[in-house]
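Q: build the 3D model from these lines:
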Amino acid sequence: MHQLWVIYLFTFAGVFSSAASIVNNNVSILKPNSIFDYQPRLQRNRFFETDLHTYCYNATYRDIIKFFQSLELHLEIEGGDYTQYEGTTPEEVMQNYKDKLSLWNFNIFMQKRTKLSLSPFEPKCIGIVSRKPYRLRLVLKWVDISRVLLLLSGAFMFWYARKLSENPLFYYITGIILGISLSFMIIIWLSSKFFQRRTLILIGGWSIGVYILQKILENLQVIVVTYHIYVFWYIITTGVIAFLFSYHMGPPKNQRSKDIMRLLMQLVSFVLIYFSSHLKEASVGACIIVVILNFC
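A: Got it, this is the predicted structure:
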């Protein structure tokens, strides 16, 4: 009897895979500030037929004047009845589609993002399967303010790391920020452990954590506006606890502890500067320039 069920299972998997492999893969080239409006077909020739539409962006040439340039891909669609598949080429997108379609790679938390940050200097493709209409926009930012702030913050932190490491106020502010951030990480970790012990064994605990974190970031504004009272009191409570712990420990007094804080801040500043541009060669050069100016 058990052998018969195994035969049925593999037969169904083979039929399902072969039927679902009937895919119409249409490829469109994305250009900066371009807009694509997708309208699903009203009728399909086969029951398992799927419309996979792949959108590809070809990388632009590298130039130092594009240091702060960035791209954002915006997907405007109602509801969550769609799936996404990423890759660097249309063939890679198709392969990811076939891999995720397999019963052995089943994952109910498939990645879905309505806003995707792209590098202007690297090719990128994204495939979308949807039975609902949607609009896709590729927005070009010649000067991304957030990356300008990353560069300025990194340079400021590196140059003033010694003074900040000896400032008690900066110590307490950093302790509060780290305490609030750590509390969020603990919640995500506990959530992953909770689901890992339940029936979702195929998914894996950290997939749950990443999924929850992704949804929180995507809907952060909605969460803050809708549950602003709970968010306010959560931040206040965790901030007070972090301050009391920092106050109990006290600012570092010996020079070695201060040197460790200074080195850690300078390492963080390098990370901020490195991620301030998609042009990684130029961001590494910016790190070197900041170091040189610090000793001038």
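Q: and the closest residue to His53 other than its chain neighbours, how many neighbours?
A: Using CB to CB, 6 or more residues apart in numbering and skipping residues adjacent in sequence, the residue nearest His53 is Asn26, 5.0 Å away. For glycine as for every other residue, the C-beta is placed from the backbone atoms N, C-alpha and C. Using other CB atoms under 10 Å, Asn26 is surrounded by 12 other residues.
Q: element containing Asn26, please.
A: Following DSSP states H and E, one finds Asn26 within strand 23-30.
Q: so what's the gap between the helix or strand just after that strand and the chain middle?
A: Scanning forward in sequence from strand 23-30, with DSSP H and E defining helices and strands, the next element found is strand 35-38. Taking the mean of its C-alpha atoms, strand 35-38 sits 24 Å from the chain's own mean (CA atoms, centre = their mean, to the nearest Å).
Q: helices or strands next to strand 35-38 in the packing?
A: Using 3 or more CB pairs under 8 Å, 6 or more residues apart in numbering; DSSP states H and E as the contact criterion, the secondary-structure elements in contact with strand 35-38 are strand 134-141.
Q: ok, the strand it packs on: who's next to it in the sheet?
A: The strands that strand 134-141 pairs with in its sheet are strand 35-38 (antiparallel), strand 70-77 (antiparallel) (by DSSP bridges).
Q: how about the last one: buried residues?
A: When neighbours are counted by 16 or more other CB atoms under 10 Å, the buried residues of strand 70-77 are found to be 70-71, 73, 75, 77.
Q: just stretch 260-279 next, same as before
A: Buried residues in stretch 260-279, counting neighbours by 16+ other CB under 10 Å, are found at 261-262, 265-266, 269-270, 272-274, 276-279.
Q: and what of stretch 238-251?
A: 238-239, 242, 246, 251.
Q: the closest residue to Leu140 other than its chain neighbours: how many residues sit nearby?
A: Nearest-residue entry for Leu140: Pro32, 3.6 Å, with adjacent residues in sequence omitted and distances by CB to CB, 6+ apart. Burial of Pro32 is recorded as 14 neighbouring residues (other CB under 10 Å).
Q: Pro32 and Ile77, how far apart?
A: Per CB to CB, to the nearest Å, Pro32 is found 21 Å from Ile77.
Q: ok, Ser246 next?
A: In this view, Ser246 and Ile77 are 45 Å apart by CB to CB.
Q: could you do Leu272 as well?
A: As for Leu272, its distance to Ile77 is 33 Å (criterion: CB to CB).
Q: can you pull out the strands in the stretch 1-150 of the chain?
A: Counting by DSSP state E, counting those that start in this stretch, residue ranges of the strands within the stretch 1-150 of the chain are 23-30, 35-38, 50-57, 70-77, 82-87, 115-118, 124-130, 134-141.
Q: what lies in contact with the second one?
A: With CB atoms under 8 Å, 6 or more residues apart in numbering as the test, strand 35-38 has contacts from 28, 30, 53, 55, 128, 130, 133-137.
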